[in-house]
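Participant: have a look; sequence and predicted model below, questions after that.
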Amino acid sequence: MSAFKLSRRDSLRNIAILGVAGAAAASGVLSAGPADAAQPHMSKALNDLQAALNQLQAALPDKGGHRIKAMALVKDAIDETTKGMAVGAM
């Protein structure tokens, strides 16, 4: 079994990605309003999707393209969930 070592560049890139993802997640949490409170299941789903995206971004990059596709699908799901919450708040 071989040990996997991240290069310094990869480590710094992952730290930067986590920082950006954390800021994006925090801005979503800080902008929570009455619409979120009225839609607890949608709010929970949105938080879970954001956490999933953070984990995918932190994962090692070599996944045969599947990690990238999964990130795109989760971003689409976040967008659709946000739009659904906006419609539900009307």
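Facilitator: Looks like it arrived, so ask away. Numbering: from 1, shown residues only.
Participant: make it CA atoms for all contacts and neighbour counts henceforth
Facilitator: OK.
Participant: which residues of this protein score low on pLDDT?
Facilitator: Counting by pLDDT under 70, the ranges of the chain that qualify are 1-37.
Participant: what do you get if the cut-off is 90, keeping everything else the same?
Facilitator: 1-38, 61-63, 88-90 (pLDDT under 90).
Participant: all helices for it, in order.
Facilitator: Using DSSP state H, the helices found in the chain span residues 8-30, 34-37, 40-58, 66-88.
Participant: check which residues of the last one are buried.
Facilitator: It refers to helix 66-88. Arg67, Met71, Val74, Lys75, Ala77, Ile78, Thr81, Thr82, Met85 (16 or more other CA atoms under 10 Å).
Participant: show me what contacts the third one?
Facilitator: If a contact means CA atoms under 8 Å, 6 or more residues apart in numbering, then Val74 has Leu49, Ala52, Leu53 as its contacts.
Participant: please report how far it lies from Gly88.
Facilitator: Separation of Val74 from Gly88 (CA to CA, to the nearest Å) stands at 21 Å.
Participant: repeat for Lys69
Facilitator: Taken as CA to CA, the span from Lys69 to Gly88 is 28 Å.
Participant: one more: Asn47?
Facilitator: Distance from Asn47 to Gly88, by CA to CA: 17 Å.
Participant: what of His66?
Facilitator: 32 Å.
Participant: residues touching Ile78, list them.
Facilitator: Counting by CA under 8 Å, 6+ apart, Ile78 has contacts Leu46, Leu49, Gln50.
Participant: in JSON lines, list those along with distance to Gln57 and neighbour count.
Facilitator: JSON lines is the format used below for the contacts of Ile78 (distance: CA to CA, whole Å; neighbours: other CA atoms under 10 Å):
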{"residue": "Leu46", "distance to Gln57": "16", "neighbour count": "22"}
{"residue": "Leu49", "distance to Gln57": "12", "neighbour count": "18"}
{"residue": "Gln50", "distance to Gln57": "11", "neighbour count": "21"}
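Participant: kindly indicate which of those lies nearest Ala59.
Facilitator: Gln50 (14.3 Å; CA to CA).
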